[in-house]
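Trainee: test case, fold it:
(2 chains)
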Amino acid sequence: MDAKALAPGILPGRMDKASIEAGFGDLHPALDDHEALVAADRCYFCHDAPCATACPTEIDIPLFIRQIATGTPEAAARTILSQNIFGGMCARVCPTETLCEEVCVRETAEGKPVEIGRLQRYATDRLMAQGVHPFERDAPTGKRIAVVGAGPAGLSCAHRLAMMGHDVVLMDARPKPGGLNEYGIAAYKSTEGFAAREVDWLMQIGGIELQGGVALGRDVTLDALRESYDAVFLGIGLGAVNALGVAGDDKDGVTDAVEFIAELRQASDLAALPVGRDVVVIGGGMTAVDAAVQAKLLGALNVTIVYRRSRDRMAASVYEQELAAAKGVRIICSASPVAVHGNGAVREIEFEFTGDDLSPTGERFRLPADQVFRAIGQTLAGEGLPELVGRKIGVDGTGRTSLAGVWAGGDCASGGDDLTVTAVAEGRDAAEDMHASLMG
Amino acid sequence: MADLTSDFVGIKSPNPFWLASAPPTDKEYNVRRAYEAGWGGVVWKTLGEAGPPVVNVNGPRYGAIWGADRRLLGLNNIELITDRPLEVNLREIKSVKRDYPDRALVVSLMVPCTEDAWKAILPLVEETGADGVELNFGCPHGMSERGMGSAVGQVPEYIEMVTRWVKQHSRMPCIVKLTPNITDIRKPAMAAHAGGADAVSLINTINSITSVDLDLFAPEPTIDGKGAHGGYCGPAVKPIALNMVSEIARAPEMAGLPISGIGGVTTWKDAAEFLALGAGNVQVCTAAMTYGFKVVQEMISGLSQYLDEKEMVLSDLVGRAVPNVSDWQHLNLNYIAKAKIDQEACIKCGRCYAACEDTSHQAIAMSDDRVFSVKDEECVACNLCVNVCPIEGCITMERVAPGATDLRTGKSVPAEPADWTVHPNNPMAVKAAE
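Mentor: Residues are numbered from 1 along each chain as shown, chains lettered A, B, ... in the order given. All right, here's what the predicted structure looks like:
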């Protein structure tokens, strides 16, 4: 092991460039034609298929797999995309092991589900590679709709609205569209600029005007949008990261996992990206795993996820936990941070083991740390929003908020898991309801 | 290990698995390797008369259909009889037979329908030491356009005539290979029997077009934009072959006529089924062409194990199922069964439900939590659910005991069997003495 790998502090180039790039390769490589046929042959074409029921966007999975099996992946892609315009990204990031593939009858029969996610990617990749957009816009309705937030929910909503003939103005605080697809998920799940390519492809529907760098509350107000547009959709995500709330939380080296991931996703040279030698990630969700695994792939020597509750309550799926373990990430459960130590910059972080009800046990330990990532959840930020339910914008089943003419979906809205696929479903369903509402 | 030694019309072989007359048996190199792999016998690929040999197409000869995972289910060919000189084949047959005296070696023949042609070739074959001849009255492609193969097999009078010539001009056992491309397989079989055949073998291949090239709009295999029908074989034809074998086996006019069963034999089980339906041995081609000669080893071990488990010898199995091959009118209408789904084994795919609900008797219920159960009051025991279920043994047909009530009809199940011949709805029913 060379000096660079062992050097303390937050440094770039802990591993050679080739090793880093290899680590960030496609997590699930694309199926080739033969592999896709073999995988598709395993589908039983179930009646009222459990996989389709488990899919938040209700993709007709048996039908699209049969279309692959009969040599028409383009038709398969249409089946997928008509329900979920982010079929390509969802094929990559969906926790299929807890959705469609978990309930696949071949999981029941043999413990080995049909590879639905990879088949979905095969079909959608095939169509997108042809550069065609499979949908056409209906005749213009003359309605103008503002969609705030160009993440999966906003884009899904915008696409469906544009398809139904409405004119959409899509705004996002970030310079690039895509939201968490572009800035949030682990790089090995969306390689070769897929998120950006997918948005470009989606926008081919036409009728969507993108305004980057426009933030709600800073550059526009909800009231003004309600004045100038026929309807408004809020898909603003969760802007603020929860604080640790312990002494030393502000020391150098303690940052938000989402920031680290965003920086990593936008980096043109991963070898130039600094990472700590001893990295501690606090949290138990997908973001924690994404940050931990990527820190490891950048060359961090020791990466530890510390979660305050028991293992079975981690929001990260078992598959994600195993992925982290396979990459060499250690997971410690039932421990809460109590203090961050260090002179200016973090040197150690101290935890206390906790019971199931988070009651302190008095048993404490310290982990060496030159970099700490907070991944303990995010909170909705903003003022003048519709009424909240809990800490999110309250919505009904079709995304209507407490304000007339304002719909919401995705992570910022109440209900649903905070998954890409759920956001896509909510954006789509809100668009359908907006259309019905506007067109009477 | 059960003794698989076979004696078919006096031809002995260490097991009842012969390679059929086909591409795998076209030359010495193949046949020696087949024997080494364990095949009990070989029917040498069909020889034609002396002179310039036939020619084959120089494009694709085979077409196929596949099941899941590209498992080959049916194969079609437009290859003709051997395209190698007669004297070369005869020399090789003699050499192989000399080195493998314990193996069966039968020579397939196809020459024009003249007595002279048959009279000429028979002594040449006899001289090789081969164990017998098989008359190829079956191939439906190519040679049939020249009045041979299935063109003979479709005319019982020709079959009888040629068989008679062969028996007249040769002391060798004579097996007549039948084409399935006819309406009633018993007619050509009876003609062979009448002509003095020692046995019949069936089925030869079935007229077929396996697929159409949807860019060229031409049947496959496609030769320069055109295709011709070929002969179909492989696992897909087994049900047709089994039926035809059984038709001959149970015909009283042909009682005792030995049958060599051919058609889609791929595993020991397939072979055992042919034997049970009256075949004295089996011939195999497509399985070898798909997987190589080694497949015979599974057939040997599987059949041995089965016979051991059943405490039978090979001859006990031959024809064992024939008495149970009946006509529809004699099936017991008082036998009542109902489907039963093993909930432990069920993986909840719902295929039984879709099949029954959409296409049958609406006799399967589906609960909100995907529990599938049979409605006995609707179930007619059609067996479709069993056939579409991906889990073997998950759905079974259970007999309703005599005396119990059939919930579909509300009637008690009679203990006495009764078939259509005595059914009140049958205008031709045999009336009880009045």
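Trainee: distance check, whichever residue of the stretch 251-400 of chain B sits closest to chain A against residue B:392.
Mentor: Using C-beta to the nearest C-beta, the single residue of the stretch 251-400 of chain B nearest to chain A is residue B:350, 3.2 Å away. All C-beta spots, glycine's among them, are computed from the backbone N, C-alpha and C. The gap separating residue B:350 from residue B:392 is 17 Å, by C-beta to C-beta, to the nearest Å.
Trainee: have a look at those two and say which one is more surrounded.
Mentor: Neighbour count, other C-beta atoms under 10 Å in any protein chain shown: between residue B:350 and residue B:392, residue B:350 has more, with 22 against 8.
Trainee: if we can go back for a sec, tell me how many other residues crowd the closest residue to the residue of the stretch 251-400 of chain B closest to chain A other than its chain neighbours.
Mentor: Sequence neighbours aside, residue A:47 is the residue nearest to residue B:350 in space, at 3.2 Å (criterion: C-beta to C-beta, 6 or more residues apart in numbering or on different chains). Counted with other C-beta under 10 Å, the burial measure for residue A:47 works out to 21 neighbours.
Trainee: for residue A:47, list the residues it contacts.
Mentor: B:349-351, B:353-354, B:366 (C-beta atoms under 8 Å, 6 or more residues apart in numbering or on different chains).
Trainee: redo that, cut-off 7 Å
Mentor: If a contact means C-beta atoms under 7 Å, 6 or more residues apart in numbering or on different chains, then residue A:47 has B:350-351, B:353-354 as its contacts.
Trainee: how about the helices in the stretch 201-350 of chain B?
Mentor: B:238-249, B:268-276, B:286-291, B:295-310, B:314-317 (DSSP state H, counting those that start in this stretch).
Trainee: touching, the residue of the stretch 251-400 of chain B closest to chain A and residue A:48? I think so.
Mentor: Yes - look at residue B:350 against residue A:48 with C-beta atoms under 7 Å: they come within range, at 5.9 Å.
Trainee: one step back: which of the contacts of residue A:47 are buried, as a PyMOL select command?
Mentor: Filtering the contacts of residue A:47 down to the buried ones (16 or more other C-beta atoms under 10 Å in any protein chain shown) takes a single PyMOL command:
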select buried, chain B and resi 350+351+353+354
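Trainee: which ones among the contacts of residue A:47 lie within helices?
Mentor: Residues of the contacts of residue A:47 located in helices (DSSP state H): B:351, B:353-354.
Trainee: returning to what we had before: can I get the helices of the stretch 201-350 of chain B in TSV with mean neighbour count?
Mentor: Below are those laid out as TSV (neighbours: other C-beta atoms under 10 Å in any protein chain shown):
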stretch	mean neighbour count
helix B:238-249	22
helix B:268-276	23
helix B:286-291	21
helix B:295-310	17
helix B:314-317	17
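Trainee: distance to residue A:79 and mean pLDDT for these - can I get that in CSV?
Mentor: Below are the helices of the stretch 201-350 of chain B laid out as CSV (distance: least, C-beta to C-beta, whole Å; pLDDT from 0 to 100):
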stretch, distance to residue A:79, mean pLDDT
helix B:238-249, 35, 98
helix B:268-276, 39, 98
helix B:286-291, 34, 96
helix B:295-310, 40, 96
helix B:314-317, 51, 97
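Trainee: now render the ones you listed as TSV, adding distance to chain A.
Mentor: Below are those laid out as TSV (distance: least, C-beta to the nearest C-beta, whole Å):
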stretch	distance to chain A
helix B:238-249	22
helix B:268-276	23
helix B:286-291	18
helix B:295-310	22
helix B:314-317	34
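Trainee: between those helices, which gets nearest to residue B:191?
Mentor: Among these, helix B:238-249 comes nearest to residue B:191, with 11.9 Å by C-beta to C-beta.
Trainee: show me what the closest one is in contact with.
Mentor: Surrounding helix B:238-249, the residues in contact under the criterion C-beta under 7 Å, 6+ apart are B:180, B:185-186, B:189, B:200, B:202-203, B:206, B:254, B:257, B:259, B:261-264, B:270, B:273-274, B:277-279, B:319, B:322, B:325.
Trainee: so which of those residues are in strands?
Mentor: Using DSSP state E, B:200, B:202, B:206, B:259, B:261-262 are the members of the contacts of helix B:238-249 that sit in strands.
Trainee: about what we covered before: for the residue of the stretch 251-400 of chain B closest to chain A, phi and psi?
Mentor: Dihedral pair for residue B:350: phi 80, psi 10, per degrees, to the nearest 10.
Trainee: can you give me every residue that contacts it?
Mentor: With C-beta under 7 Å, 6+ apart, residue B:350 has these contacts: A:46-48, B:366, B:370, B:372.
Trainee: name the nearest of these relative to residue A:71.
Mentor: Of all these, residue A:71 sits closest to residue A:46, with 21.5 Å by C-beta to C-beta.
Trainee: residue B:103 reaches residue B:13, doesn't it?
Mentor: Yes - counting by C-beta under 7 Å, residue B:103 does reach residue B:13; the two are 6.0 Å apart.
Trainee: joint contacts of those two?
Mentor: Residues touching both residue B:103 and residue B:13 (C-beta under 7 Å, 6+ apart): B:40-41.
Trainee: show me the domain layout of the chain.
Mentor: Just so you know, I chose chain A. Chain A breaks down by automatic domain parsing into domains covering A:3-20+A:241-377, A:42-129, A:144-239+A:380-439.
Trainee: hm, I was asking about chain B
Mentor: B:6-322, B:328-422.
Trainee: per-residue confidence for residue B:207?
Mentor: Per-residue pLDDT puts residue B:207 at 95.
Trainee: please read the previous query as pertaining to residue B:433.
Mentor: For residue B:433, the model assigns a pLDDT of 47.
Trainee: cool, residue A:34 as well?
Mentor: At residue A:34 the predicted local confidence, pLDDT, stands at 94.
Trainee: next structured bit after the helix or strand containing it?
Mentor: Assigning secondary structure by DSSP states H and E places residue A:34 in helix A:33-41. Along the chain past helix A:33-41, the next helix or strand (assigned with DSSP H and E) turns out to be helix A:50-54.
Trainee: lovely, talk soon.
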